[in-house]
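Peer 1: Sharing a model that was predicted from the sequence below.
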Amino acid sequence: MARDYDAVVFDNDGVLIERTDERLLAEAVGEAFAAFDVSVDEERAREMAASDGPPGEAFERRFDIDPAEFWQRREAKASAIQREAIHSGEKSLYDDTAVLEALPHATGLVSNNQHATIEFILDHHDLGRHFETAYGRVPTIDGARRKKPDPSYIEQALDDLGTRSALYVGDSEKDVVAAQRAGIDSAFVRRDHRADLDLSATPTYEVTDLYELADRLGVRIE
């Protein structure tokens, strides 16, 4: 059984809600370029969407676009496209998010997704009532640089919750590393989309879903 924690902090995509189709994220990249009258092929758009890193000097030299303006436009497009997918049901909640109702812990949410997207999910699915604090990335280059595995947003959430006795629940190696850097335990959720993922960082716990997480926390689900 897991040790007692004051708080449990969750990742979002791949943990509470399905991951966003890479096709949609590539579409956001293409639309952001189009706003500056630049056309890129699908392969490059997919590569940039997959890397999910903010543009730098090489980007500015190649495309003659201000990186900060481009990134802000890309973030807005990505959030808008994801909101549409959530509204249509293409990007759905996992059934086991029902576990949130039963957790006695203080809870938070920290995601690498845009904060606007997180706010929409919490409102659209009425999840906001479960979380005392929630952070997505700020839609700036600096905000993107502070996303996981950087622990900054997790540390902000822990400050809000007033504890370092916490468990971070995620579905990627970045989540495990970010938790370690924040000095807290981690639970890796090995859903189907992570079945073949080999981790080089070791989580404190590994579970198949949120029901198993609740069990490890000693929480009974009716």
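Peer 2: Structure received.
Peer 1: Number of residues surrounding residue 3?
Peer 2: Other residues near residue 3 number 10, with proximity taken as other Cβ atoms under 10 Å. Where C-beta positions appear, they are placed from N, C-alpha and C, glycine not excepted.
Peer 1: And the nearest residue to it once chain neighbours are set aside, how far from residue 6?
Peer 2: Of all residues not flanking residue 3 in the chain, residue 185 sits nearest, at 7.9 Å (Cβ to Cβ, 6 or more residues apart in numbering). Distance, residue 185 to residue 6, by Cβ to Cβ, to the nearest Å: 12 Å.
Peer 1: out of the two, which sits in the more crowded spot?
Peer 2: residue 185 (20 against 14).
Peer 1: so what's the more buried one bridging to?
Peer 2: residue 167 (DSSP bridges).
Peer 1: That one against residue 167, yeah?
Peer 2: Yes. Counting by Cβ atoms under 8 Å, residue 185 does reach residue 167; the two are 5.0 Å apart.
Peer 1: Name the next helix or strand following the lengthiest strand in the chain along the chain.
Peer 2: Assignment by DSSP state E gives strand 106-114 as the longest strand of the chain. Counting by DSSP states H and E, the next helix or strand C-terminal to strand 106-114 is helix 115-124.
Peer 1: Other residues contacting that following helix?
Peer 2: 12, 16-17, 75-76, 78-79, 82-83, 86-87, 109, 111, 127-128, 131, 134-139 (Cβ atoms under 8 Å, 6 or more residues apart in numbering).
Peer 1: right, and residue 19 touches residue 191 too?
Peer 2: No. In this structure residue 19 lies outside contact range of residue 191 using Cβ under 8 Å: 9.3 Å.
Peer 1: residues in contact with residue 166?
Peer 2: 5, 6, 7, 8, 9, 158, 184, 185.
Peer 1: packing partners for the longest helix seen in the chain?
Peer 2: Longest helix of the chain, by residue count under DSSP state H: helix 67-88. Helices and strands touching helix 67-88, by 3 or more Cβ pairs under 8 Å, 6 or more residues apart in numbering; DSSP states H and E, are helix 22-34, helix 57-63, strand 106-114, helix 115-124, helix 141-145.
Peer 1: export those to JSON lines and tack on mean pLDDT, mean neighbour count and distance to residue 219?
Peer 2: Conversion of those to JSON lines gives the following (pLDDT from 0 to 100; neighbours: other Cβ atoms under 10 Å; distance: least, Cβ to Cβ, whole Å):
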{"stretch": "helix 22-34", "mean pLDDT": "96", "mean neighbour count": "19", "distance to residue 219": "34"}
{"stretch": "helix 57-63", "mean pLDDT": "93", "mean neighbour count": "11", "distance to residue 219": "46"}
{"stretch": "strand 106-114", "mean pLDDT": "98", "mean neighbour count": "24", "distance to residue 219": "12"}
{"stretch": "helix 115-124", "mean pLDDT": "97", "mean neighbour count": "19", "distance to residue 219": "21"}
{"stretch": "helix 141-145", "mean pLDDT": "95", "mean neighbour count": "16", "distance to residue 219": "33"}
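Peer 1: Make JSON lines out of those and add distance to residue 202.
Peer 2: Shown next, in JSON lines, are those (distance: least, Cβ to Cβ, whole Å):
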{"stretch": "helix 22-34", "distance to residue 202": "28"}
{"stretch": "helix 57-63", "distance to residue 202": "35"}
{"stretch": "strand 106-114", "distance to residue 202": "20"}
{"stretch": "helix 115-124", "distance to residue 202": "28"}
{"stretch": "helix 141-145", "distance to residue 202": "25"}
